[in-house]
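Peer 1: Turn this into a structure:
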Amino acid sequence: MIEMMRSRINAILRHFYKQSTWNYRLCSTVPQTTDDRDPAPLFFDQHVQELLFTLTRINYEKIFSKHIDGKPLKNAQYKFMTDKELQEARSQIIVKAKNRIQMPPVIKMRVDKCEILSKDPALQGFETSNFIFTDISFGTNNRKRLIVVRDTNGTLRHANNDERHRMNQIYFPIEGREIHTPEMFNNPYLSDLLDRKEFEFVLDRACLQFELDDPNYHRVTKDVYSYINKFKKFDALRSTRHFGPLAFYLVWNDDIHSLLMDVIESGNIEEAGALIRLYHLVYPEIESAKEPIEDDVELIKTYARLNSPNRYELTCAIEKYEKLEEEKQEIDIGIKKAHGLIKE
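Peer 2: Residues are numbered from 1 along each chain as shown. The predicted model follows:
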């Protein structure tokens, strides 16, 4: 008897699920502002990925430094190697380093919509709590899993994002992910973590706790990226898997000046060129993007002259860089002359 009722309920739910058109309403009680643009196609572009990889800047000591992840540290191993074996080991390290800084994808934030399947006012008042029906079939994608809710007012609807998250985590738990949002992602705890410069820890934890299109994930990453940009703490995320999304966020929101100044002042002119080329891919209609320029310095000067909101500061920075490069060349020539490597 129970099996017959269960089969009947599943048949009814699947009938509603297959309907092509439903009326729907927004279920979230918190107003959300979404960007109509979808960053995913651009973010996954091969050229964009190469530019973001350049901006990330590989630092092997930082990439392979110990992380606070609760796992025991492995003892160091020392080996005698031939030149060939050493070269092979270095090649493997490069591959491992690239895997470690593989960037979390940047995708559009989803809208929390609850599609109504039916309204049955006759059921109103029979229960004080909602009923949630979940298809727990194995092999079904959690994002597409059939989950419906019977409200106390008799309305049968699809589950909202929070309800889907809780049901998926109950029936198909992901290790390290909690059913309810941890308090660390809410203020004042989040602000305290940012003041302590725990940026990588917060972002790693957010990637585990939330789906990448979850409004909470977008909120947390935005808070972290904005804090880093405001206080110019770019080195805290450099050579991590989160630096690429940080740079992409700043470009996407037309706020690259602080990062551009940071890479120029540190002498990484190739990264400055990569940042402006990325900016041109996102905003191809601007004046400085109309003519391709290969030389990084000339590219920066053109951007500063035509499109930079802080033209004077950026121009001074690039002039200072050029002056330092000239002085380095003069010193290098002087050293070579002193050692007789070049003639007077």
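Peer 1: all strands of the stretch 1-150 of the chain, in order?
Peer 2: Under the criterion DSSP state E, counting those that start in this stretch, the stretch 1-150 of the chain contains strands at 24-26, 113-119, 131-134, 147-150.
Peer 1: got a pLDDT number for the most centrally placed residue in the chain?
Peer 2: Centroid-nearest residue in the chain: P245, 4.2 Å away (criterion: CA atoms, centre = their mean). As predicted, P245 sits at a pLDDT of 97.
Peer 1: wait, is it part of a helix?
Peer 2: Yes - P245: assigned to a helix according to DSSP: H, G, I helix; E, B strand; the rest coil.
Peer 1: just checking, it touches P104?
Peer 2: Yes - P245 is in contact with P104 according to CB atoms under 8 Å; the separation is 6.0 Å. The C-beta positions use only the backbone N, C-alpha and C, and glycine is treated the same way.
Peer 1: in the chain, what secondary structure element scores lowest on mean pLDDT?
Peer 2: None of the helices or strands of the chain scores lower by mean pLDDT, DSSP states H and E than strand 24-26, at a mean of 35.
Peer 1: returning to that earlier point: using TSV, lay out the strands of the stretch 1-150 of the chain together with distance to R177.
Peer 2: Shown next, in TSV, are the strands of the stretch 1-150 of the chain (distance: least, CB to CB, whole Å):
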stretch	distance to R177
strand 24-26	25
strand 113-119	23
strand 131-134	17
strand 147-150	17
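Peer 1: where are the low-confidence patches of the protein?
Peer 2: 1-35, 68-71, 343-344 (pLDDT under 70).
Peer 1: Give me the buried positions along the longest helix that it contains.
Peer 2: Secondary structure of the chain per DSSP state H: the longest helix is helix 311-338. Buried residues in helix 311-338, counting neighbours by 16 or more other CB atoms under 10 Å, are found at 314, 317-318, 321.
Peer 1: so which of these would you say is closest to Y225?
Peer 2: Distance to Y225 across these (CB to CB) is lowest for L314, with 21.2 Å.
Peer 1: residues in contact with R143?
Peer 2: When contacts are counted by CB atoms under 8 Å, 6 or more residues apart in numbering, R143 touches E211.
Peer 1: who's in contact with the helix or strand where Q169 lies?
Peer 2: Using DSSP states H and E, Q169 maps to helix 161-171. Here helix 161-171 makes contact (CB under 8 Å, 6+ apart) with 28, 110, 112, 132, 134, 136, 142, 145, 147, 149, 159, 177-180, 211, 214-215.
Peer 1: how about that helix: buried residues?
Peer 2: By neighbour count with 16+ other CB under 10 Å, helix 161-171 contains the buried residues 161-169.
Peer 1: chain center to stretch 106-117: distance?
Peer 2: Chain-centre distance of stretch 106-117: 19 Å, with CA atoms, centre = their mean, to the nearest Å.
Peer 1: Now it: buried residues?
Peer 2: Going by neighbour count (16+ other CB under 10 Å), the buried part of stretch 106-117 is 106-107, 109-110, 112, 114-117.
Peer 1: Stretch 134-154 too?
Peer 2: Neighbour count says stretch 134-154 has 134-135, 145-151, 154 buried, by 16+ other CB under 10 Å.
Peer 1: And for stretch 214-222?
Peer 2: Within stretch 214-222, the residues scored as buried using 16+ other CB under 10 Å are 214-221.
Peer 1: Looking at the residues you listed, which one is closest to I293?
Peer 2: T221 (32.0 Å).
Peer 1: Contacts only, for the closest one.
Peer 2: Contacts of T221 by CB under 8 Å, 6+ apart are 203, 206, 245, 249.
Peer 1: tell me which strands and helices the longest helix of the chain is in contact with?
Peer 2: Helix 311-338 makes packing contacts with helix 257-265, helix 296-306 when contacts are defined by 3 or more CB pairs under 8 Å, 6 or more residues apart in numbering; DSSP states H and E.
Peer 1: mind exporting the shortest one as CSV, just the C-alpha atoms?
Peer 2: It refers to helix 257-265. C-alpha atoms of helix 257-265 as CSV (Å, rounded to 0.1, in the frame of the first residue of the first chain):
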residue,chain,number,x,y,z
HIS,A,257,43.5,51.4,-11.6
SER,A,258,44.8,50.2,-8.2
LEU,A,259,45.9,46.8,-9.6
LEU,A,260,47.5,48.5,-12.6
MET,A,261,49.5,50.8,-10.4
ASP,A,262,50.5,47.9,-8.2
VAL,A,263,52.0,45.9,-11.1
ILE,A,264,53.7,48.9,-12.7
GLU,A,265,55.3,50.1,-9.4
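Peer 1: will you turn the buried residues of stretch 106-117 into a markdown table that also has distance to F53?
Peer 2: Shown next, in a markdown table, are those (distance: CB to CB, whole Å):
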| residue | distance to F53 |
| --- | --- |
| V106 | 14 |
| I107 | 19 |
| M109 | 25 |
| R110 | 27 |
| D112 | 34 |
| C114 | 40 |
| E115 | 40 |
| I116 | 45 |
| L117 | 46 |
